[in-house]
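Trainee: Sequence first, then the predicted structure, then my questions.
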Amino acid sequence: MIASELIWLIFLLPVFSFIIVSLFIRPSVKPTSKIAGYITITAISASLVLSLWTLLTVMAEPKHELAVPDFSWLTVGDLTIRIGLMIDSLTAVMLVVVTVVSLMVQIYSQGYMHGDPGYHRYYAWMSLFTASMLGVIMANSLLLIFFFWELVGLCSYLLIGFWFHRPAAANAAKKAFVVTRLGDFGFLAAILLLYTNTGTFNIPELHEMAITGVLAGTTLTWAAIGIFAGAIGKSAQFPLHVWLPDAMEGPTPVSALIHAATMVAAGVFLVARTFPLFVNSATAVTIVAVIGAFTAIFAATMGLVMNDMKRVVAYSTISQLGYMMLGLGAAGLALRQEGHVTLELAKAAAAIGIFHLFNHAFFKALLFLGAGSVNHATNTFDMRQMGGLRKVMPWTYATFVIGALSLAGIWPLSGFWSKDEILAVTWDTQRVLFTLVMITVLMTAFYIFRVVFLTFSGQYRGSDPGSHGQEHDHTTHLHESSPVMVAPMVILAILAIISGFWNITGSFDAFMGHGETRSFASGLFGIFTHPLPWIALLVAGLGIFLAYAIYGAKWLSAERIGHIFRPLYIIFSRKYWFDELYENVIVKLILLKWVFAALEKIDTKVVDGAVNGLANTVRTIYRIALLNGIFDILQRVDGTKIEKANGVIKEPNKNWWQVDGIVNVMANGVTASGEALKKTQTGQLQLYGLVIGLGVVAIILVLYFAG
Amino acid sequence: MSFPYLSAIIFLPAIGSIIIAFLGGNRPRLTKYLAALFTLASFILSLVIFAVFDRSAGASGAFQFEEKALWIPPLGAHYHLGMDGLNLPMVVLTAFLGFMVVLISWKENLRVREHFAWLLLLETSILGVFSSLDLLLFFVFWEIELIPMYFIIAVWGTGRRQYSAIKYVIYTLFGSAFILAGILCLYFTTGSLSMVDSSPGGRALITTAIPAAVIFFFLLIGFAVKLPVVPLHTWLPDAHTDAPTAGSVMLAGALIKMGGYGMIRVSVSLFPEVARTYAPLLVILAVITVLYGAALTLRQHDLKRMIAYSSVSHMGYVLLGVFALGEMSLTGAVLQMVSHGLLTGLLFAVAGLTIHNVHERDLRKLGGLARQIPIIAVIFFIAGFGSFGVPATSGFIAEYITFIGSFISQVVDGIQVATIVAIGGIILSAVYILWMLQRAFYGPVQEQYNSVKDANTLERFYMFAFVALIMLIGIYPSFLINIIQLGVSPIVRLLGG
């Protein structure tokens, strides 16, 4: 059993390390000191231990749930917003994923970020980033998830723009935040819609209502679509995928964390968390499946042609997230076909997508850390400048290959197990989508082994040692990374091998589904009774072989193949022109140059123009009136007169309140302001001050006597 | 008779102002210390009443620290002050900002005596507006405010300061004329100048010659100029941009809240039925204000002008919350006023500091400052994040309570659609704030700014004070929301919604 205070600590420990590092360490300690890293690592290690403890406790519980007392945060009218935790099997699994990956990344960063002038800032934000993600995972209400959801977005902004002096990093950070916020708009709308219809933000209550059918129909469909919009933004699904490849402008360990366990995982997690809502809407699950499958193949095509090592891995993330979404959507469809939906079955269906998230987290973090390690030695991410690193970086090479095999889905590594479950459930429900992702399997194996062969085999093609690099301003020196960087890679490599074994007896699904399983075939041997894994393995093997033929053995010339597929190559390498469409056409041209500029014109020329025009008219009338003597007549009527001295009109000796007419009042207002202004500039301001001061005194005296 | 807390809070700055005005000779240091002393005293007293304010449910609808004396017997005008959950946060905010602007203008060396005399008088007038419960007294304070603000912009401002100052005065006078007309109508139809003793369902004005709707709109136009509501907003960017830093902070932080406060206290409370009838129109204006303001902000490149236009957009949320007419939406609107007062007050303070130290305000020429002035940068980022609603700042809680409250309000038809459209503003606000931060602080370091000074101790002190309050409200909003609720719930009962 684990005390609920200790569960809270999982989230609070990184918060504390954020506060300590940002408020106390950063202002007082030199950036060369490693203390900030040690504090963060200690905090996250403790969180990891507590997460494992929580996982074991949850596994021991018969219903795989822990009750944690919640408390009221604020009450407005009828609404009481409560802060509470939801600790079920999904939470427990995610806690372990986030803390493990975060810890590995923090340890690795001790080597990677050492000597950076922003070292303390880096650890402060990494702590907050981890804490925010833990908050998303543990929150028991949609509003609280949204709170941390936005903080995750903020931290990713800060970390992607970590090297803010680079315009590319600053732009990428802004792009990431703004694009994900487009999705958040949908998420927020969904939260409002659900609250209006159910009167609650509480997730277990919403689950109950969705399963029992209290919450159904168009409301449910729109709410699910809104939630999915939020997930599309955070998980970089089409059409909001554009931010993720640019996000690699941040330090590589940040990319590892974003791509594996925090930012992008939040989207998939959110769909899984609210999955009982999705399964009750055929439209919603279909959209999830279609967007997922399309994103998977769409991102993979771009991954085929990138020359930047980190970018290939980034596109593979988008593609793999597509798989996870497809896994969720297809499992939802399968569940609907059976026609019998319970809360447990819905949660078990979500297990298929989450199992891939679980495995992917380890091998993707590994691939990014490997890319960072390569960059540490070569100072570049451009694979055309690499080659032959196998000999100088044996550890990086070995672990990277393990990550690549796992990503490609080769037996018995973790990627194999979870990807085949997704393929199988898609085969059962939607053959078109199945075809798309089967092609993606080929592409995935090809592009990741293209990276392996370009980077590690052949001859080194890089520039002479001594040139300055992209991320680190030290000279190029080919070497294996320090043990502090290699150790996390080794641990992640081990996890990338073994993490898939959790479900070979179907126990992962059973755990997630509170006893129910949704896997098409349970057990290590069961899977081979189905022809599908054999086909998938064959396809992946073909992809690896092709990569070897072109980039390893060079039997086929890459240039000639590129020439044959030139139109496709251009489309893929220009990323289908989505950046251009969004940035140049929609934002810069349509919005800024047309719509907003037109509004600005209206504001200055019409709205404000009317104001200035009115003022000028009044002034002109006033002048003409004066010159024509009409004013003179008017004022005679009123008992004031105009004196002329030397042909210059002097200010008439009058009391303004005797003069009738709005024109005169306004005109006098203008003149009086001008006059007052003139006087202020000749130092008569004190007089005004005195008058007002006396006025205030007079009011006080009146009050005193009146009271 | 108990100690007249409210009178003391209101008039302490005025007394300070008079003393400063009569100070002989040129003694800038003494002037500044005196100004700080009087505004601090007023602020501390406001904290005292905040602390001892009765928060129990029974206090709902009652006024505390009430002071009432017959002022002008023939008119039945009273010197009537009082605090409820609606104006207490505004008074504390104004007193806080009043003290802060003295610290913010510590480096002022142009006609120091007059500067501080006007600043303190300005504070008195705004505090008076928020505390008055008599329409005539309210109007007197409302008008007094014009004079110091005019001089502050015209003398200590920058750019087209004289144009902006006159524009500000005439615009406001235009609005005030309507308010005066409204007050007179109200006085002649009901015979009372009280802002509070309304019977349930508002004042029965059906029998009179002047329809209630006319009076409602007279008053509303005056408040709408101040808030401001598009299309009556064009004074704001000019005045905020050309005012000196202290003036901008006071304008954006406290002064424009007079409009939102007037709408709730007068327009909605005295005319609940009329407010219900015309709420859809005003909600549409709110959505236009949000999006129009945000779109125009995106076209600006002057640091202060951007913040000024963003204020227009953010005040649209206040208008939305007020005329969604729900308990939660009204609470959100008041919270948004407080939050915006702190966030935009801080934004103007730190923008003023940046401009003062860097001698450049055009965002196209700024850049890379995060390395040279890191403390200013951090504060600027926090204020900016708050202003686009990042969690754990007051901006998040204020905006989202307004959104939820408006969305679930049962009073106005079609409010859901309007709210969703208005939420689009949070995307635009993220864009313009991030663009502004990026242009000023990110990017390559520029040589010419290498010698720029970062914030000194005093500047750090006041900036941290702002940040502390922003975070406090963001993390523990209950302490404020509980009070606001006491003021809002009686109004909601009038609406019967």
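Mentor: Perfect, I can see it now.

Trainee: Okay, now the unreliable bits of chain B?
Mentor: B:1, B:197-209, B:497 (pLDDT under 70).

Trainee: Smallest gap between it and chain A, at which residue?
Mentor: Closest residue of chain B to chain A, C-beta to the nearest C-beta: residue B:69 (3.3 Å). Placement of C-beta: from N, CA and C, glycine included.

Trainee: So in that sheet, which strands flank the helix or strand encompassing that residue, and in what orientation?
Mentor: Using DSSP states H and E, residue B:69 sits within strand B:64-72. Sheet pairing for strand B:64-72, assigned by DSSP bridges, gives strand B:77-83 (antiparallel).

Trainee: helix or strand right after the partner strand?
Mentor: helix B:88-104.

Trainee: Going by contacts, tell me the helices and strands next to that next one.
Mentor: helix B:5-22, helix B:28-52, helix B:112-131, helix B:245-250, helix B:257-262, helix B:327-358, helix B:457-475, helix B:478-495 (3 or more C-beta pairs under 8 Å, 6 or more residues apart in numbering or on different chains; DSSP states H and E).

Trainee: Contacts only, for residue 24.
Mentor: This is for chain A. Applying C-beta atoms under 8 Å, 6 or more residues apart in numbering or on different chains, one finds that residue A:24 lies in contact with no residue.

Trainee: wait, I meant chain B there
Mentor: Here residue B:24 is in contact with no residue (C-beta under 8 Å, 6+ apart).

Trainee: Ok, residue B:347 next?
Mentor: B:252, B:307, B:380, B:383-384, B:387.

Trainee: Distance of it relative to residue B:380?
Mentor: 8 Å (C-beta to C-beta, to the nearest Å).

Trainee: Same check on residue A:333?
Mentor: Residue A:333 is 49 Å from residue B:380, by C-beta to C-beta.

Trainee: more neighbours, those two?
Mentor: It is residue B:380, of residue A:333 and residue B:380, that has more neighbours when counted by other C-beta atoms under 10 Å in any protein chain shown, with 27 against 22.

Trainee: Pop out the phi and psi values for residue A:66.
Mentor: With angles defined as degrees, to the nearest 10, residue A:66 sits at phi -120, psi 140.

Trainee: what about it, distance to chain B?
Mentor: Distance from residue A:66 to chain B, counting by C-beta to the nearest C-beta, to the nearest Å: 25 Å.

Trainee: what bridges to that residue?
Mentor: Bridge pairing for residue A:66 - DSSP bridges - gives residue A:87.

Trainee: Ok, residue A:308 next?
Mentor: Applying DSSP bridges, one finds that residue A:308 bridges with residue A:382.

Trainee: Please report the number of neighbouring residues for it.
Mentor: Residue A:308 has 19 nearby residues by other C-beta under 10 Å.

Trainee: That one touches residue A:383, doesn't it?
Mentor: Yes - counting by C-beta atoms under 8 Å, residue A:308 does reach residue A:383; the two are 7.3 Å apart.

Trainee: Provide a list of residues in contact with the residue lying closest to residue B:45 once chain neighbours are set aside.
Mentor: For residue B:45, ignoring the flanking residues on the chain, the nearest one in space by C-beta to C-beta, 6 or more residues apart in numbering or on different chains is residue B:9 at 4.8 Å. Each residue near residue B:9 by C-beta under 8 Å, 6+ apart is listed here: B:42, B:45-46, B:49, B:91, B:95, B:127, B:131.

Trainee: what residues does the stretch 101-250 of chain A put near chain B?
Mentor: Contact residues (C-beta under 8 Å from any C-beta of the partner chain) of the stretch 101-250 of chain A with chain B: A:143, A:147-148, A:150-151, A:154, A:157, A:161, A:164-167, A:169-171, A:173-174, A:177-178, A:181-182, A:185, A:188-189, A:192, A:195-196.

Trainee: so where is chain A shaky, pLDDT-wise?
Mentor: A:463-477, A:515-529, A:622, A:625-707.

Trainee: Scan it for its longest helix.
Mentor: In chain A, taking DSSP state H as the definition, the longest helix is helix A:343-378.

Trainee: now what about the following helix or strand past it, what contacts it?
Mentor: Once the chain leaves helix A:343-378, the next helix or strand it forms, by DSSP H and E, is helix A:389-392. Identification of contacts with helix A:389-392 by C-beta under 8 Å, 6+ apart yields A:374, A:377-378, A:396-397, A:455-457, A:460, A:478-480.

Trainee: buried set for helix A:389-392?
Mentor: Buried residues in helix A:389-392, counted by 16 or more other C-beta atoms under 10 Å in any protein chain shown: A:389-390, A:392.

Trainee: contacting residues for residue A:292?
Mentor: A:237, A:321-329.

Trainee: hmm, 10 Å instead?
Mentor: By C-beta atoms under 10 Å, 6 or more residues apart in numbering or on different chains, residue A:292 lies in contact with A:232, A:235, A:237-238, A:268, A:271, A:321-330, A:353, A:422, A:426, A:433, A:436-437.

Trainee: On the three-state scheme, the closest residue in space to residue A:552 that isn't next to it in sequence is what?
Mentor: Take residue A:552 and drop its neighbours on the chain: the residue closest to it by C-beta to C-beta, 6+ apart is residue A:453, 4.2 Å away. Taking DSSP: H, G, I helix; E, B strand; the rest coil as the rule, one finds residue A:453 in the helix state.

Trainee: burial measure for residue B:213, as a count.
Mentor: 15.

Trainee: nearest spatial neighbour of it, skipping sequence neighbours?
Mentor: residue B:274 (5.1 Å).

Trainee: Before we go further, that neighbour is sitting in a helix, right?
Mentor: Yes - counting by three-state DSSP, residue B:274 falls inside a helix.

Trainee: burial of it, as a residue count?
Mentor: When neighbours are counted by other C-beta under 10 Å, residue B:274 comes out with 21.

Trainee: who's in contact with residue A:560?
Mentor: Contacts of residue A:560 (C-beta under 10 Å, 6+ apart): residue A:550.
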